[in-house]
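A.B. asks: Structure for this input, please:
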Amino acid sequence: MFPELPAPAEILAPSGHGLLAPDDLWAFVLCAAVAVLAGALVQSTVGLGLGMVAAPVLSFLDPTLMPGALLVTVIILPALTLLQEWRHVDWRGIAWGLPARLPGTVLGVWVVAVLDPRALAGAVGAMVLVAVALSAWSLRVRITPVSLVAAGTLSGFTGTATTIGGPPMALLYQHEEPSRIRATLAAFFLLGGAVSLTALAVGGQMDTRTTVVGFCAVPLVIAGFLAGTALRRRVNAGRMRVALLAVVSTSALGLLAQAAFG
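C.D. replies: The predicted structure follows:
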């Protein structure tokens, strides 16, 4: 009477379009878990990092899960951050930047619909390298309505297409107080990520497998958030960010190579 649902192992196993074969379930789960946990820890500490760390790894393992599965986790982490630091949010900046995310989101949904997984993996790699370059280049951009609208639009596109929507807004706020950076980015990620996720669902880009894998990663996001909260006062965030950028640059270059040469 009721349709038969696939077994959990069939849902979680890689599709065969990525680096791992479909029968490499435990390797897939382990690699994905480490990437999400590490990304959540870094983002909880410095304000961004979940997409930059986990997106290249998930694209390597199974690009058919991108960007939907990671977007599910991307909106969980900022919700946790806001529970702690909502008083530090720059709501004026959110009021300018968030509406501007909508046209970028529409463009991102279109890109996801027309690109095959391999091309999208290459796009993730390219976007990670752009994010690294912007993070390493200490360009100071004034926080104005114009810069907020531009950053919001770009963030909507990159966040929807690749889950890496943080760098445009982070570039604007990088010279603010750490608590203000974390809280404002969290508010933007939560509201903007919900918009992107809804748009992907309406556009037919969120299937059962993608959604289930995303929700399976939520406990890892919570664990990374708790670990990051404990490390904020003990770890030099600047050094951690340098190490992070080095690691994700390497993975992004490998991702581009995979997209180019198969």
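
A.B. asks: where in the protein is pLDDT low?
C.D. replies: Residues of the chain meeting the criterion pLDDT under 70: 1-24, 135, 138-139, 235-245, 247-248, 251, 254-255, 258, 262.

A.B. asks: Please enumerate the helices of it.
C.D. replies: 8-12, 25-46, 50-61, 68-74, 76-85, 91-114, 117-136, 145-162, 166-173, 178-202, 208-216, 218-231, 237-261 (DSSP state H).

A.B. asks: now the ones you listed as a markdown table including mean neighbour count?
C.D. replies: From N, CA and C alone the C-beta is placed, and that goes for glycine too. Converted to a markdown table, the helices of the chain look like this (neighbours: other C-beta atoms under 10 Å):
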| stretch | mean neighbour count |
| --- | --- |
| helix 8-12 | 13 |
| helix 25-46 | 22 |
| helix 50-61 | 28 |
| helix 68-74 | 26 |
| helix 76-85 | 19 |
| helix 91-114 | 18 |
| helix 117-136 | 20 |
| helix 145-162 | 23 |
| helix 166-173 | 24 |
| helix 178-202 | 22 |
| helix 208-216 | 18 |
| helix 218-231 | 18 |
| helix 237-261 | 16 |
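
A.B. asks: separation between residue 110 and residue 145?
C.D. replies: Distance, residue 110 to residue 145, using C-beta to C-beta, to the nearest Å: 27 Å.

A.B. asks: pretty sure residue 124 contacts residue 57?
C.D. replies: No - Residue 124 is beyond contact range of residue 57, at 10.0 Å (criterion: C-beta atoms under 8 Å).

A.B. asks: what residue is smack in the middle of the chain?
C.D. replies: residue 51 (2.5 Å; C-alpha atoms, centre = their mean).

A.B. asks: show me what contacts that one?
C.D. replies: 39, 70, 74, 159, 162, 163, 164, 165, 166 (C-beta atoms under 8 Å, 6 or more residues apart in numbering).

A.B. asks: residues in contact with the first one?
C.D. replies: Yep, that's residue 39 we're talking about. Contacts of residue 39 (C-beta under 8 Å, 6+ apart): 49, 50, 51, 52, 53, 54, 224.

A.B. asks: Return the closest of these with respect to residue 174.
C.D. replies: The nearest member of these to residue 174, counting by C-beta to C-beta, is residue 49 at 13.4 Å.

A.B. asks: Please name the spatially closest residue to that closest one (chain neighbours excluded).
C.D. replies: The spatially closest residue to residue 49, leaving aside those adjacent along the chain, is residue 42, at 3.4 Å (C-beta to C-beta, 6 or more residues apart in numbering).
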